[in-house]
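J.: Here's my sequence, what's the structure:
(chains A, B, C and D, ligands or ions: 6)
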Amino acid sequence: MSEAISQRLKASDYKSANKPVWCPGCGDFHVLLSIAKALAHLQLPTEKVAVISGIGCSSRIPAYLNTYGFHGVHGRALPLATGVKVARSDLTVICAGGDGDGFSIGGNHLLHACRRNIDMTYIVMDNEIYGMTKGQPSPTTAADWDSKLTPGGPGISPFHPLVIALASGANFVARAFSGDPNGTTEMLVDAITHPGFSFVQILSPCVTFRPDQKNWKKQVHPAPVTTTADASQAARRVMTDDGFNIGVLYKGSRPAYRQIVTTVTRTNRDLEKEFVT
Amino acid sequence: MSEAISQRLKASDYKSANKPVWCPGCGDFHVLLSIAKALAHLQLPTEKVAVISGIGCSSRIPAYLNTYGFHGVHGRALPLATGVKVARSDLTVICAGGDGDGFSIGGNHLLHACRRNIDMTYIVMDNEIYGMTKGQPSPTTAADWDSKLTPGGPGISPFHPLVIALASGANFVARAFSGDPNGTTEMLVDAITHPGFSFVQILSPCVTFRPDQKNWKKQVHPAPVTTTADASQAARRVMTDDGFNIGVLYKGSRPAYRQIVTTVTRTNRDLEKEFVT
Amino acid sequence: MSLSAHEMSSFSVALIGKGGSGVITAGEILLAAVGKAGGYGLMTRAVGPQIRGGEAAALLRLASHPVHCLDDDFDVLLGIDWLHAERFCAEIPLTTESLIISDSAGDPIPAEISASGARTVTLPLAELANSIEGGRANMVAAGLLAEFAGIPETALSAAIKEKLADRGASVIAASESCAALGRATARNNGVNFAPLHTSKDETRWMISGNQAAGLGAIRGGVRFAAAYPITPATELLEWLAPRLHDAGGTLVQAEDELASINMAIGASWSGIPALTATSGPGFSLMTESIGLAVSAEVPVVIVNVMRGGPSTGIPTKSEQSDLNIALYGLHGDAPHLVLAPNSIADCAFTTQWAVHLAEATQAPAIVLSDQFLGQANSITAPLADAGLFAARKISSEPTAGFNRYALTEDGISPMPLPGTSCGQYTADGLEHSTNASPSSSVADHLQQSDKRAHKLDAFEYGKPWADIEGNGELAVITWGSTTGAVREALGRLQDSGKNIKLISIRLLLPTLPQQFESALHGVTRLLVIEQNHSGQLHRFLRASYDLPATVETMHRSGPLLFRPQEIVERIQAWSAA
Amino acid sequence: MSLSAHEMSSFSVALIGKGGSGVITAGEILLAAVGKAGGYGLMTRAVGPQIRGGEAAALLRLASHPVHCLDDDFDVLLGIDWLHAERFCAEIPLTTESLIISDSAGDPIPAEISASGARTVTLPLAELANSIEGGRANMVAAGLLAEFAGIPETALSAAIKEKLADRGASVIAASESCAALGRATARNNGVNFAPLHTSKDETRWMISGNQAAGLGAIRGGVRFAAAYPITPATELLEWLAPRLHDAGGTLVQAEDELASINMAIGASWSGIPALTATSGPGFSLMTESIGLAVSAEVPVVIVNVMRGGPSTGIPTKSEQSDLNIALYGLHGDAPHLVLAPNSIADCAFTTQWAVHLAEATQAPAIVLSDQFLGQANSITAPLADAGLFAARKISSEPTAGFNRYALTEDGISPMPLPGTSCGQYTADGLEHSTNASPSSSVADHLQQSDKRAHKLDAFEYGKPWADIEGNGELAVITWGSTTGAVREALGRLQDSGKNIKLISIRLLLPTLPQQFESALHGVTRLLVIEQNHSGQLHRFLRASYDLPATVETMHRSGPLLFRPQEIVERIQAWSAA
Ligand SMILES: Cc1ncc(C[n+]2csc(CCOP(=O)(O)OP(=O)(O)O)c2C)c(N)n1
Ligand SMILES: Cc1ncc(C[n+]2csc(CCOP(=O)(O)OP(=O)(O)O)c2C)c(N)n1
Ligand code: SF4
Ligand code: SF4
Ligand SMILES: [Mg+2]
Ligand SMILES: [Mg+2]
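T.: Ligands and ions are numbered 1, 2, ... in the order given. Take a look at the predicted model:
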């Protein structure tokens, strides 16, 4: 970490004055901190960062950062972020949200954002629940987790976001735990600097509707394997791990998607000529 | 194959009088034939089969079968079929459509239908193109396939439908080639009879917008591996194969999703009592 | 404190407190108690921006007669504490006649609140609670307010036992002791309110609009629901989940609203009456497929529990601003049904009717409830079953040459369910000929377009299309939840000798020109009242009906709901003009 | 064959043939040729249900003056063959004055077609073609028809060379020879049509509405487009793809319309003017996010190239039935812009203007084109650049305390683009305060609702809001593509001494009460003409404006488009009544 003499931005400079609406103890506070620390580590000018989200407790995060932000509609954060990054390659684009936003209503965009491999970082604060709507199962919720909407449990097996990301072509895949802000910060720095689409699943407990997740801090452990560049190997590992392997699981080298080339090679006059008959 | 003495339904009994709108030579003709043959093999009463589709050339298929059918809107065949099967477990439900319908606009439903593992068969006629709208790239189109909408190619790597299905929990995963109707028929019989969600990708050439696919008949070959019950192994195989392995690649044993239990255990009177204060 | 004859029959109280102070629990106990005493009432809640545990307010109206809206102002505002309480100012109107109760040992009343000029009194709520082991101030407050309202001890005690049943005997005992202390304090404090007149012997229900809609759905025959959670519709779905199962049906949680509407259509097409519920953002996502149900002629019910818009808007607050999209939000010419319940209780009837109509006409029916109706809890007389049931025109023995989309006189074509032999056809969102094969022919398109419009226009809807009350040359037209305040305002005006006709439209689409004309018979001036920014009902009425020459409108966006008195004043000014 | 003065200046011809017969190519060559000759014209095509290679028809109108609709009937129908040709009957009206040309060696003319009573002639088209090596009957037909229309040989030859450029010299030579044979046959056949008067020296463009919209978008400053293919909008997107790139922008193919609208909003929010194009089903999917653009105040342009509805409907045919959803299809109170081009050429201007307005007002603008406008190819005078450009009110040097959603006099708040220091804010679909933080307060909701409505109501739109022509007490109101036929009908009526005012509304939303009132000044009776089943414009006008006491309406669903004469007749009956 290089140290500039003056005007070095601190993590707190990346936080806005808005007070989070989150419940005390919510894992998302730590995610906020980790993002701020990662941005500070990279010393990115606050106004050159755009944080885009959908809807959910976690998706409130842009307003708590002192960057540009867009709190879009439920499930559409990735295409919104795609528009931003394709149009403005000079910005650092971070897309953030929850497991409901990203894997349920937004699942299709995840598939295609991974394929498209645009140079951005997608952070999913996974609490295996819809927090904002007060406790319904999300795609990562266990089959037998009882709730009002699905008495006795949703009855369907949770899916593997990281495998989906790998199968769809994400260029960087990691799993973090919000309770370890330093480790998470490091992974985020890595994700932001890695070219192409970086996907970081952050296990981030919902203390209100999933008090059982307080146990996560005991369950997480560093991945027993090193980062691979073989997506099929990484996928197989993730499909068979316990869901608590923490670390950068895959780093690929696919070139990132093209962005606007602002050079004009054909003027309106040229276009008009096409029509002359 | 058992042989009944009388009233045995023939494949042609499963076809309707409607003339397909497909181009001469379109692979979908063979898929239609294979479905009819599979249904005849199983001797399913025509009225007990429901074929549900979205929009696209391939999605026109229900009208060509003499079963019940629902030609829904683009990308929503799977949830439509889900409603049908959950409500009416007595029906054999087949969902069918194209790669655009199923992997692009409908990608999210594929993820969640696999997870939900409802007892139905999903057939995707994959021609790596949007046929109906006259030739734009689909999610399975090669990155460099030139088209008007994406000059020089879409520039993004095609994704792996079978891996997505495996990662999401499909219970039966196979790849077929329309040019081999007998093999396809066999696989469909297997898929229909296998409990839970069966996913069959049928490579089905679009002779009009992808004349290059006429080569497929030379490229396909039986999968060099036997069917596995290990999803992660199957995923790894598919992620690294050449895309032309034909066969049943995975058969799982997850129990299928619950259906309506029509027994009434609480009458309206009982419900009303809850409100008395 | 002396109260007018009218006000004596209703007692409005707001309880405020920070997260964990238990004001919502206290409010619910009071509401249940008034029910057990044979009274009526309703309660809404207001919460701060925090996801959980932030400041909250329980807004109650307890009454001796059925009530369908909050009153103009509150008789009592009790603050367990005052943290961020000023946020609720706009929602808790106070007058100089109101009484603010705060804790003797607590923080001062926020300036925004005391600016109302209401009388104040401090009471040792916390101290009293602390005198009981396990005692809590919210229960002292409950006792105090029950005493003010004249709710008998037995009723309050029963409500406490019921509400706290799973907290164990000692909590219940402590709560009852606190309540008793509260009662005593009320009696000894020189503040008097006229007690509510209630009739103990009548059965009362405690029900929210979301529950009532669920009940109506099951009564109507719905046995399949598809769900994607969204505020304020989630409770409707959560209420249905176990109950549909027990009724021999099921609820499926979908991955999004695109899926939920299609699951419902699929289930219904296969023969099981189906419903989904959502709010504005989710409803937007459903419109394409609602159009599919129009074209394929599949019954389905969609309940939109409206919240503040546009976009994500104000999820936790009420507004009547999704009328436009419900009426006009499907692409193409897509005739369908739009209904709106006009009270919490009516959510049951209107939803049941919607199921019946959707099934009878093979068309989608949109039910426009709202956050107020859906989430307010109310004490009402038991809600009778309207006896309306899904009765689809089924083709059970189709014969050769059967045409699924045959042109019939009433426009409704018998529908075979999958499994019926000889009935095979492919339902389609593509335009089709009578035999269900895709067609782009001019004649088919015209015939089927006519048919789809005609079957709804020609149907006999009967009286429930609108609630029409009173007489006179002046009429007020309204719809949905706003009806509660309008009805009460017109009642007050009638008490003072002024007759105004009320037309509350329950069936908004299709339009019913004849019925409307006779409802307007003799009316020379019209006032349209609704809760949205652009006057959506007003414009719809102009578009669809011939209105009297003089039409005025009273409309504003939410989230502040109309109160009866402002409507009274508006009508007085209007009718005097 | 003698033609009236009016008809002499326009020559309508239909070419029919099965897949591979080349009728579309022949039609395109004829159209280009009339342009090269300095004439005008347009061409639409009709195809059978087959995805590819089924029967097809090229419907042309060649003229000496600009034409904006097909004529009442066809002067000539030429069938290369007649396979399934009867399917096109409704679209190819013939009179006893018409001439049907068929191949001497071919099948007989289908009964449905000859039932028109048109004169028939058989010619050895195939035989002539076969006399040339590599010759084809469609080229013989092209020559024949060019001769009838009076299109000079040089023009036809240039058109053939251009169209077949990539097929090589021998194909071109054979085609020219065939055309020459066709010409000779025409001259020697006793059939005469008055030649079109054209002025060779003027430049002509050949352009479709979809291309014109694309051109307008680029001229207006659009540099980002997101695309999901859908008939009949695909060509607009395909036209833009390479050209946006060359203009320093880009087009991204999205996974669905939910994604495409959000990509466009994201790009625009970050500072690049953005557009997407779709048709009804895709438009339905976009409405939720268009509401986001309303709330977050992000400019964006959505072109809806309308097709037959509801649901999947009739993808390849035109209809004006998405007006309702465009006007009213967003949930909540969501003020936005709705525009409609009223001719193929006007697609360029209206789209350019839409970009300008969206950018200036920071609001979404919906452009309602349709299948006819979008896919018809036309010969017009060059389309001038309107000089309107994206000019957003940018906040380039925000200072401390800057409020993104500040309440300004015109309701438009300066917007900082990402990258601007001190301008950081979070755009939001949640209701917000002036400083962009989420708010559910009554005051904020009211202020922001007012602001969003006011900024559109108060904007100065100027003359283009409507095309207003003529005078008189009688007026016809119409919109979009129907304007072409209406305009021509009114022209004919004027020729016969009858003055009727035309009001073709280009800016449908916001409503402009003052402008509308002055447009209606002196008008006592109104006729509303539109192409949909339920009379959507008529209802919208009733809802929004004070109309004269007598209003009639002429509307029907597609896919059969209005022809001038039926409008003439309707107006004659109406104005005589
Ligand atoms: C179209 C739409 N459907 C539903 C909702 C309601 N909704 C808001 S947040 C949410 C789920 C949030 O879950 P997640 O993304 O996991 O975020 P969390 O609250 O758990 O952080 C839902 C269903 C909505 N706002 N919009
Ligand atoms: C919401 C919506 N968007 C777009 C379309 C246009 N559309 C029709 S079919 C199709 C793609 C079909 O591709 P695929 O599913 O692969 O089927 P194929 O024609 O190749 O068999 C598209 C984009 C539509 N009908 N509805
Ligand atoms: S509900 Fe759960 S996810 Fe939401 S803020 Fe509270 S703890 Fe966090
Ligand atoms: S366009 Fe392609 S997919 Fe469609 S019918 Fe023709 S060959 Fe088949
Ligand atoms: Mg979550
Ligand atoms: Mg395809």
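J.: For residue 118, which non-adjacent residue is closest in space?
T.: The chain I'm using is chain A. Of all residues not flanking A:Ile118 in the chain, A:Tyr257 sits nearest, at 4.6 Å (C-beta to C-beta, 6 or more residues apart in numbering or on different chains). In short, each C-beta sits where N, CA and C put it, glycine included.
J.: other chain: chain C
T.: Spatial nearest neighbour of C:Ala118, chain neighbours left out: C:Ser98 (3.9 Å); criterion: C-beta to C-beta, 6+ apart.
J.: Go ahead and flag the most central residue of the chain.
T.: Reading this off chain A. In chain A, the centroid-proximal residue (C-alpha atoms, centre = their mean) is A:Ile123; its distance is 1.3 Å.
J.: Not quite, go with chain C.
T.: Closest to where the C-alpha atoms of chain C average out (C-alpha atoms, centre = their mean) is C:Leu373, at 2.0 Å.
J.: Can you verify my assumption that it contacts C:Cys347?
T.: Yes - applying C-beta atoms under 8 Å, one finds C:Leu373 in contact with C:Cys347, separated by 5.8 Å.
J.: Can you spell out which helices and strands pack onto the helix or strand hosting C:Phe148?
T.: Assigned by DSSP states H and E, C:Phe148 falls within helix C:137-149. Judged by 3 or more C-beta pairs under 8 Å, 6 or more residues apart in numbering or on different chains; DSSP states H and E, helix C:137-149 is in contact with strand C:10-17, helix C:23-36, strand C:76-79, strand C:99-103, helix C:125-130, helix C:153-163, helix C:169-187.
J.: Make a markdown table out of those and add distance to chain A and mean pLDDT.
T.: Listed next are the helices and strands packed on helix C:137-149 as a markdown table, based on distance: least, C-beta to the nearest C-beta, whole Å; pLDDT from 0 to 100:
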| stretch | distance to chain A | mean pLDDT |
| --- | --- | --- |
| strand C:10-17 | 17 | 96 |
| helix C:23-36 | 14 | 97 |
| strand C:76-79 | 22 | 98 |
| strand C:99-103 | 24 | 96 |
| helix C:125-130 | 22 | 97 |
| helix C:153-163 | 18 | 96 |
| helix C:169-187 | 20 | 96 |
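J.: Any stretches of the chain with poor pLDDT?
T.: If you meant another chain, say so; for now it's chain A. Where chain A drops to pLDDT under 70, the residues are A:1-6.
J.: um, chain C though
T.: For chain C, the ranges with pLDDT under 70 are C:1-8.
J.: try 50 this time
T.: For chain C, the stretches with pLDDT under 50 are C:1-7.
J.: ok, the spatially closest residue to C:Gln565 that is not a sequence neighbour - contacts?
T.: Distance criterion C-beta to C-beta, 6+ apart; nearest residue to C:Gln565, sequence neighbours excluded, is C:Asp72 at 4.0 Å. Counting by C-beta atoms under 8 Å, 6 or more residues apart in numbering or on different chains, C:Asp72 touches C:Pro93, C:Arg563, C:Pro564, C:Gln565, C:Glu566.
J.: Is it correct that the fourth one is in contact with C:Ala489?
T.: Yes - C:Gln565 sits in contact with C:Ala489 when judged by C-beta under 8 Å, with a separation of 7.3 Å.
J.: okay, the two: which has more neighbours?
T.: Ranked by neighbour count (other C-beta atoms under 10 Å in any protein chain shown), C:Gln565 and C:Ala489 place C:Ala489 first, with 27 against 16.
J.: Return the distance of that one relative to C:Glu469.
T.: Distance of C:Ala489 to C:Glu469, given as C-beta to C-beta, to the nearest Å: 12 Å.
J.: Give the buried residues for stretch C:178-197.
T.: C:Cys178, C:Ala179, C:Ala180, C:Leu181, C:Gly182, C:Arg183, C:Thr185, C:Ala186, C:Val191, C:Phe193, C:Ala194, C:Leu196 (16 or more other C-beta atoms under 10 Å in any protein chain shown).
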